[in-house]
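# Sequence and predicted structure below; questions after.
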Amino acid sequence: MTTLIVNIKELLQVRENSILKVSGAEMAILPTIKNAFLLIKDDLIADFGSMNDLPKIIADTTIDATGKIILPSWCDSHTHIVYAGNREQEFVDRINGMTYEEIANRGGGILNSAKKLNETTEEEIYNQSKARLEEVIRLGTGAVEIKSGYGLTIDGELKMLRVIRQLAQNYPITIKATFLGAHAYPTAFKDNKKGYIDCIINEMLPEIAKNKLADFIDVFCETGYFSVEETENIMEAGIQSGLKPKIHVNQFNSIGGIQAGVKYNALSLDHLEIMNSEDIESLKNTETMPVALPSCSYFLSIPYTPAREMIAAGLPLALATDYNPGSTPSGNMNFVVATACIKMKMTPEEAINAATINGAYAMGISNTHGSITKGKKANLIITKAIPSYYQLPYAFGSNLIDSIILDGQIIEY
């Protein structure tokens with residue numbers, strides 16, 4: 001099956017040679033071809049170039065993209081899409097003056113979601129989660145990481161990871177699964193933290209490894225949650241179970257979690273709203289991807305990741321949604337890209353790089369996703385007719401997507 005797209009106004013993120021990520025000043029460079037064509041064979045990108053160089057091709061389907069821009073699908077490397085119910089009451093509580101920490105201390109927050117999840121059937125969790133997944137696909141996401149972490153029991157965590165696996169089996173979007181049992185301490189272990197960590201290490205991890213339910217292990221390393229020492233112990237156990245570490249870190253405080261993540265070669269360190277010079281220095285010359293979650297900052301009214309300082313220091317940066325019921329009930333990567341430009345002062349080129357190739361790196365899939373490169377997955381966004389790609393962050397409240405291609409096929413949900 002071949003699909004030829006012609007008369008593309010501009011083809012973005014074109015990389016003749018596959019790269020893993022872009023860092024520092026390179027983030028401001030977004031290679032493009034104007035008046036372009038793109039050839040898809042089965043589920044892969046087969047060829048591309050200027051219309052002036054279009055060879056004679058007999059395709060099964062031809063699409064005329066006059067006036068439209070094509071870019072690789074968004075790669076959202078940090079989500080909690082699988083959950084039960086919502087936390088809209090907590091949203092109102094925050095408007096009325098309660099802080100995130102105060103809500104958590106009274107049994108809200110993550111513990112609230114855990115209670116709902118453990119009371120909900122696996123089938124119902126799947127049905128709720130697939131609706132969210134279909135929504136993010138419509139919004140242009142072509143690869144997504146989904147975390148557990150709202151079970152906080154063996155049965156609950158396994159139930160979440162099975163739902164993630166079922167979504168991956170039933171939808172053409174690329175999905176990576178992360179075990180986040182260390183999201184919070186459940187009520188039953190509030191006075192026995194070591195007991196819960198032992199449960200994660202000795203009971204949950206063996207089951208997850210045996211059933212191959214996760215790719216990564218994550219920990220919420222933060223004051224009031226998991227300490228640096230606890231985070232290191234859990235990361236080490238995860239590595240021994242074949243899982244690559246990712247960490248929630250520096251959301252509210254800088255407590256040494258970045259240094260711990262680098263020590264254990266974490267694939268990504270996510271949130272990073274509170275960064276000091278030592279944190280930035282620790283990330284230099286590492287294989288770890290910093291990930292910013294600007295819509296979380298927007299929703300909670302907390303600081304934004306200091307993108308300009310990090311990029312000036314030569315670091316890479318990825319963007320993700322943090323889609324979850326408590327602090328970011330949105331999986332809209334278009335809004336994330338726009339917010340990064342508006343609030344974090346990233347250029348459109350930097351933000352698109354952060355949401356495509358660097359997002360793919362933060363999931364370990366930049367060999368197959370995140371750029372227009374021959375042999376990579378044909379996961380694409382086709383915009384409506386727009387003046388330029390600057391319109392994507394500029395018109396932040398508009399839906400500028402005309403159609404979505406996943407695995408070489410136009411998707412209609």
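Received the coordinates, thanks. No experiment lies behind these values; they were computed from the predicted model shown.

# check contacts around the nearest residue to A318 once chain neighbours are set aside.
Residue nearest to A318 in three dimensions, not counting chain neighbours: N358, with 3.9 Å by CB to CB, 6 or more residues apart in numbering. To be clear about C-beta, it is placed using only N, CA and C from the backbone, and glycine gets the same treatment. Contacts for N358 (CB atoms under 8 Å, 6 or more residues apart in numbering) come out as 21-22, 27, 289, 316-319, 366, 370.

# One more pass at 7 Å, please.
21-22, 289, 316-318 (CB atoms under 7 Å, 6 or more residues apart in numbering).

# With E145 instead?
76-79, 176, 178, 363.

# Can you give me the end-to-end span of stretch 200-214?
Start-to-end span of stretch 200-214 (CA to CA, to the nearest Å) is 14 Å.

# Please spell out which residues along that stretch are buried.
200-201, 204-205, 208-209, 213-214 (16 or more other CB atoms under 10 Å).

# Just the residues contacting it, thanks.
Under CB under 7 Å, 6+ apart, the answer for stretch 200-214 is 154, 157-158, 161-162, 165, 177-179, 181-182, 234, 237-238, 241-243.

# tell me which strands and helices the helix or strand hosting N127 is in contact with?
Under the criterion of DSSP states H and E, N127 resides in helix 122-138. Applying 3 or more CB pairs under 7 Å, 6 or more residues apart in numbering; DSSP states H and E, one finds that helix 122-138 contacts helix 154-170, strand 401-406.

# what would these look like in JSON lines with mean neighbour count and distance to I69?
Formatted as JSON lines, those follow (neighbours: other CB atoms under 10 Å; distance: least, CB to CB, whole Å):
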{"stretch": "helix 154-170", "mean neighbour count": "20", "distance to I69": "29"}
{"stretch": "strand 401-406", "mean neighbour count": "19", "distance to I69": "10"}
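
# want to throw those into JSON lines with distance to V249 and mean pLDDT?
Listed next are the helices and strands packed on helix 122-138 as JSON lines, based on distance: least, CB to CB, whole Å; pLDDT from 0 to 100:
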{"stretch": "helix 154-170", "distance to V249": "21", "mean pLDDT": "98"}
{"stretch": "strand 401-406", "distance to V249": "31", "mean pLDDT": "98"}
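
# quick revisit: the buried residues of stretch 200-214 in helices, which ones?
205, 208-209 (DSSP state H).

# ok, the residue nearest to A318 to D47 distance?
25 Å (CB to CB, to the nearest Å).

# now Q251
43 Å.

# Looking at the two, which is more packed in?
Q251 (26 against 16; other CB atoms under 10 Å).

# Run through the residues that contact that one.
So, once contact is read as CB under 7 Å, 6+ apart, Q251 ends up touching 222, 271, 273.

# what helix or strand is I342 on?
Going by DSSP H and E, I342 is in helix 333-344.
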